[in-house]
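Q: mind looking at a prediction? Sequence and model below.
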Amino acid sequence: MKVHFIGIGGIGVSALAKYYLEKGYQVSGSDLVSSEITETLKKLGVKIFIGKHKEKNLAEDVDLVIYSPAVKPDNPELKEAKKLKIKSLSYPEALGELTKKYFTIAVSGTHGKSTTTAMLGLLLTKAGFDPTIIVGTKVKEFAPPAGGSNCRVGKSGYLVIEADEHMASFLNYWPKIIIITNIEADHLDYYKNLRNIKKAFNEFIGHLPEDGVLITNKSADNKAFPKLKKILKVPGAYNIYNASLALAVARVLKIPDEVSFKALSGYKGSWRRFEEKKAKINNKKIILVSDYAHHPTEIRVTLEAAREKYPKKKIWCVFQPHQYQRTYYLFKDFVKVFRQAPIDKIIITDIYDVAGREKREIKEKVNSKELIKAINKPWAIYLPFKKIKNYLKKNLQGREVVIIMGAGDIYNLVGCLTDKRIKTKIK
C-alpha cells in the first residue's frame, strides 16, 4: 500500500509517517519548506516534495492520504485526493483509527505531554512491554535515526500517544488509560475560554471504557518525589511531576517500582526540552539550552529550572513568541513571567507566524516590540533574528547559559551558534 502525507514536516505527522514506513508501506509526503525532520525522512526512504503543494505530488495509485490539521480544504493535493476518491484522513483521525487497534495510553494536558509520553514510553520499553510510541518530540532512546525519533514501533498491542487538545484533536482517540498532566488556558483562538477547554477534556475522559483508568495530579505519589528528584537527569520540579505520572501508570500495569525507577533514571531528555549543548562564541565557552516552552507557565518553570541548575551563572534567554493569537490572548501573562524571571537577560525576537492559524486583525494588534515595551525592564530587549547572532558574539563574556526558547523555528539559532549547517531558512 502507498500512503501520502500532506504537511509531512510536522512533528506529529512525521511520526505517523515513520510508523507506516516501518510497517512496510510506501510513503511519500510534501511540505512547504525543508527542515531537519524532512531531511531525516528522506534518509529513511520517504519521497519528499518541498515547496508549493501541487496535484502532481499525489500519485494516482496512492491508497491513503493523511494530512496535517493545518492543511486547508482548498489544498491542491487534498482536492486531488478527493477527486480521485482516495481515502483521506486528518492526522488526528488517522491516529484515532490506530488507538482502536491497540491498548492505548493517551497523555494529554496543557503542559508536559511530550516529556511524560517519552518517560512513559521509555519505562514500558525497559519493562519489556515493547510498546509503539507516537510523541511530539524526538527521544534519543527511540533511535534510529541518530539523534532520536518521535516514533517507536513495537511488536506488542500497547500504544502510547501524545494526545493534543488543540482543535479538540484528542476527541478522535479511544484510549484505555488517560493521563491529564494539567489544564490551563491555551489555544484561546479555538476554545475562547477555560470553560470550553474543561468541557473538551471532560468529553475526552468520556472516551474511556468502563474499566478504563484516569491518571491526574491526584494520582501522583508525593512520597515518591524525593526518590525521583535524586535519580532524574533532567532538571525542574515539573519533570519530577511528569515522572510521577508515568510511575502512576506503571503501577496500574503492575510494573515493580524498582524497574520503573531504573528506567526513569535512564531518561536523558528529548529534543528541544531543556536540551543542553556546549558551544563556543568567539572562543568564549557557553552552555546552550534549546527549549520548546512557548506558554507563560512553561516559560516560568523552565527558567526556574535553569536557575536551580545553574545558581551562580548568568542566564540569558532568547525567546520567539509562537503565534500572534497566543501572544495577544496571554499578553499580560507573558509580561508578568518575563518581569519576574530569575535571569539576567531577555532577548525577544519577532512572533512566529503560524501559517493558516492567524487572524489579520489580531496580527495588527500585537508584536514583540510592544511586548518588550510592556515588560519595561532594561535587561529585556527586542532584536530581529538576523541581528541576534552578532549581538551574542559581541556581548557574551563567556560561561553564560543561553536558552534558545520557543515552538517555532528559533531552534535553528542553535545550529547557527554551533556552526552547524542548517538547510531551513530563517524568516
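A: That came through, no problem.

Q: so what's residue 315 bridging to?
A: Residues in a beta bridge with residue 315, per DSSP bridges, are residue 401.

Q: I'd say it and residue 308 touch.
A: No. Using CB atoms under 8 Å, residue 315 is not in contact with residue 308; the gap is 10.8 Å. Just so you know, the C-beta spots here come from the backbone N, C-alpha and C atoms, and that holds for glycine as well.

Q: more neighbours: those two, which one.
A: When neighbours are counted by other CB atoms under 10 Å, residue 315 comes out ahead of the other of residue 315 and residue 308, with 22 against 12.

Q: buried residues in the lengthiest helix in the chain?
A: The single longest helix within the chain, with elements called by DSSP state H, is helix 237-252. Of the residues in helix 237-252, those buried under the neighbour-count criterion (16 or more other CB atoms under 10 Å) are 238-250.

Q: the stretch 1-150 of the chain: strands as residue ranges?
A: Secondary structure of the stretch 1-150 of the chain, counting by DSSP state E, counting those that start in this stretch: strands at 2-6, 26-31, 47-50, 64-67, 87-90, 103-108, 132-139, 149-152.

Q: tell me the contacts of residue 284?
A: 396, 397, 398, 399 (CB atoms under 8 Å, 6 or more residues apart in numbering).

Q: and the gap between residue 99 and residue 66?
A: With distances taken as CB to CB, to the nearest Å, residue 99 is found 15 Å from residue 66.

Q: looking at those two, which is more packed in?
A: Under the neighbour definition other CB under 10 Å, residue 99 and residue 66 were set side by side, and residue 66 has more, 25 against 22.

Q: I figured that one hits residue 10, correct?
A: No. Contact status for residue 66 versus residue 10: not in contact, 10.7 Å apart, counting by CB under 8 Å.

Q: identify the contacts common to these two.
A: residue 91.

Q: helices of the stretch 101-250 of the chain, start to end?
A: Listed from the start of the chain, the stretch 101-250 of the chain has helices (DSSP state H, counting those that start in this stretch) covering 113-126, 188-191, 194-205, 225-231, 237-252.

Q: need these in TSV with distance to residue 167, can you?
A: Listed next are the helices of the stretch 101-250 of the chain as TSV, based on distance: least, CB to CB, whole Å:
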stretch	distance to residue 167
helix 113-126	15
helix 188-191	5
helix 194-205	10
helix 225-231	33
helix 237-252	24
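
Q: out of the strands of the stretch 1-150 of the chain, nearest to residue 233?
A: Judged by CB to CB, the one of the strands of the stretch 1-150 of the chain that comes nearest to residue 233 is strand 132-139, at 13.4 Å.

Q: what's around residue 261, how many residues?
A: By other CB under 10 Å, 20 other residues sit near residue 261.

Q: from the chain's centre, how far out does the helix or strand containing it sit?
A: Here residue 261 is covered by helix 257-265, with elements defined by DSSP states H and E. For helix 257-265, the separation from the chain centroid amounts to 24 Å (computed by CA atoms, centre = their mean, to the nearest Å).

Q: could you spell out the sheet neighbours of the helix or strand that it is followed by, each with its direction?
A: Following the chain from helix 257-265 toward its C-terminal end, the next helix or strand by DSSP H and E is strand 275-281. For strand 275-281, the paired strands and their directions (DSSP bridges) read strand 284-291 (antiparallel).

Q: run the chain-centre distance for the partner strand.
A: On the basis of CA atoms, centre = their mean, the separation between the geometric centre of strand 284-291 and that of its chain is 20 Å.

Q: and stretch 406-420, by the same measure?
A: Shown here is stretch 406-420, whose average C-alpha point lies 16 Å from the average C-alpha point of the whole chain (CA atoms, centre = their mean).
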